[in-house]
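**Student:** Quick one, what's the 3D model for this:
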Amino acid sequence: MKTNPVLALAAVLAVAALGAGCSSSDTAGKANKGALAVHMGATGSMPALQGEVASQGGPTAATVTISGAAARQIDGAWVNVGGTFPMTVDLIALAANGNTFNIPAGLVPEGQYNAIQLTITAVNLTLQDGTPVAITPPGTGWVVLIPVDFTVNSGKETSVTLRFHVDGSFKILGGDLVFEPDVDVEGVQHED
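**Tutor:** Residues are numbered from 1 along each chain as shown. Model (predicted):
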């Protein structure tokens, strides 16, 4: 039986293309992306509170629930940052222990960024006598925009460390305890 060389070459090229397509699909999601890790610490202590909250001994825990994090590219597009959300962290314990809370690094497109945004959907205090106090969020939650310039390089990790100021985040307004997140940037590190 005689084989047509043109058809044989076409078949070989088709098989090679299929093989290349299959192997490249595993790495396509990682091409031109780098890791972005967000670390959060806290400083300060709860401000002097008034009224019923103060009479019950003041808070021993102030947990915030973070339901999402995103980074803004310089063209204005928002990119979600990795992590299994929601995540809950006690700001009082974080400040007292000097620890850092980490959102696991996620892959984002390489490029220039100019902000990080956190979405906080719940704030709950625990008073010294064990009484829980929930602070009602506005709408669907607090959206915290933190200006910060950083670069994400393909195949490298960039770390942004944020700092919650506990004493600036909790206030008494009109007799009510309110939460107004006071967060700034402590530092940015790029992997070499």
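**Student:** ok, the helix or strand hosting Val64: who's next to it in the sheet?
**Tutor:** Assigned by DSSP states H and E, Val64 belongs to strand 59-73. Next to strand 59-73 in the sheet, as set by DSSP bridges, lie strand 78-80 (antiparallel), strand 87-90 (antiparallel), strand 111-127 (antiparallel).
**Student:** Can you give me the domain assignment for this structure?
**Tutor:** For the chain, the structural domains run 1-31, 32-190, going by automatic domain parsing.
**Student:** Would you single out the least confident of those?
**Tutor:** Between the domains of the chain, the one with the least mean pLDDT is domain 1-31; it has a mean of 41.
**Student:** so how far is Asn114 from Phe85?
**Tutor:** Phe85 sits 22 Å away from Asn114, taking Cβ to Cβ, to the nearest Å as the criterion. Every C-beta, even on glycine, is put in place using the N, C-alpha and C of the backbone.
**Student:** will you turn the domains of the chain into JSON lines that also has mean neighbour count?
**Tutor:** Listed next are the domains of the chain as JSON lines, based on neighbours: other Cβ atoms under 10 Å:
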{"stretch": "domain 1-31", "mean neighbour count": "9"}
{"stretch": "domain 32-190", "mean neighbour count": "16"}
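**Student:** so which strand or helix has the closest residue to Asp184 other than its chain neighbours?
**Tutor:** Spatially, and ignoring its direct neighbours in sequence, Asp184 is nearest to Arg163 (5.7 Å; Cβ to Cβ, 6 or more residues apart in numbering). Arg163 belongs to strand 157-165 when elements are defined using DSSP H and E.
**Student:** Could you please name the strands that strand pairs with and the direction of each pair?
**Tutor:** Partners of strand 157-165 in the sheet, by DSSP bridges, are strand 33-43 (parallel), strand 183-190 (antiparallel).
**Student:** Can you convert those strands into CSV and add a column each for distance to Pro59?
**Tutor:** Supplementary listing: the strands paired with strand 157-165 in CSV, determined by distance: least, Cβ to Cβ, whole Å:
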stretch, distance to Pro59
strand 33-43, 13
strand 183-190, 19
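**Student:** Kindly state which of those is positioned closest to Ile66.
**Tutor:** Ranking these by their distance to Ile66 (criterion: Cβ to Cβ) puts strand 33-43 first, at 8.4 Å.
**Student:** With only the CA atoms kept, save the closest one in CSV.
**Tutor:** What follows is strand 33-43 as a C-alpha-only set of coordinates in CSV (Å, rounded to 0.1, in the frame of the first residue of the first chain):
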residue,chain,number,x,y,z
LYS,A,33,1.6,35.9,36.3
GLY,A,34,3.3,36.4,39.6
ALA,A,35,2.3,35.8,43.2
LEU,A,36,0.8,38.5,45.3
ALA,A,37,0.7,38.0,49.1
VAL,A,38,-1.0,40.3,51.5
HIS,A,39,0.0,40.4,55.2
MET,A,40,-1.9,42.3,57.8
GLY,A,41,-0.7,43.4,61.3
ALA,A,42,-2.4,45.7,63.8
THR,A,43,-1.2,48.4,66.2
